[in-house]
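Peer 1: Sequence and computational prediction follow.
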Amino acid sequence: MLLLPTAYAGLIGAPYAPTFSQTIQQAFTWIKLGKGDLLVDLGAGDGRTLLAAARRGARALGYELSPIMWLIAWLRAKALPNTKVRLANFYRQQLPNDTTVVFVFLMPKIMPRVRQYLANQRLLQCRAVLVYAFPFPDLTPQHVIREKGRLPLYSYNYAQLTDAVPHDTN
């Protein structure tokens, strides 16, 4: 029974694949992630990005659809009081108003939907969207982190996502 939601999560978002911490650390340095920030991870997987953000002093919130991966992330996050992982479909969530950074590692076919979702959030304090591996197809990132033998990480200014994207009125 637990494998069905995990398979569904892989189908609508991404199968589990780890991010590499050195790439994440470089991105966090680039955007100056730290105290006062709230990083939201859309598809938190095993929680490693949340933990890396929390260790830099940021608050971290992750959404995970797979019960197995959620449990792993939740167990890892228990040690850090400023880290939360919710078993939920992020598309059905209103992100916190004080979100300053969003992290995304999802499949390329859904990135246009993710962009629309984020643009409709109207996150007034959000300054950065970090996208691992699969960039938004119609946007030029502000910065790209490339490491030999690793997937790239793309950094966008949140305002880039909201420009020229019609907002849902629902």
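Peer 2: Sure thing, it's come through.
Peer 1: per-residue confidence at the residue lying closest to residue 58 once chain neighbours are set aside?
Peer 2: For residue 58, ignoring the flanking residues on the chain, the nearest one in space by C-beta to C-beta, 6 or more residues apart in numbering is residue 37 at 4.0 Å. Backbone N, C-alpha and C define where each C-beta goes, glycine included. With respect to pLDDT, residue 37 has a value of 98.
Peer 1: swap in residue 16?
Peer 2: At residue 16, pLDDT is 53.
Peer 1: quick one: contacts for the residue nearest to residue 58?
Peer 2: 53, 57, 58, 59, 100, 101 (C-beta atoms under 8 Å, 6 or more residues apart in numbering).
Peer 1: Just the closest of these to residue 123, please.
Peer 2: Minimum distance to residue 123 across the contacts of residue 37 is 8.2 Å, recorded for residue 100 (C-beta to C-beta).
Peer 1: residues contacting the closest one?
Peer 2: Residue 100 neighbours (C-beta under 8 Å, 6+ apart): 36, 37, 38, 39, 125, 126, 127, 128.
Peer 1: Does the fifth one touch residue 96 like I think?
Peer 2: Just to be clear, that refers to residue 125. No: under the criterion of C-beta atoms under 8 Å, residue 125 is not in contact with residue 96, lying 9.3 Å apart.
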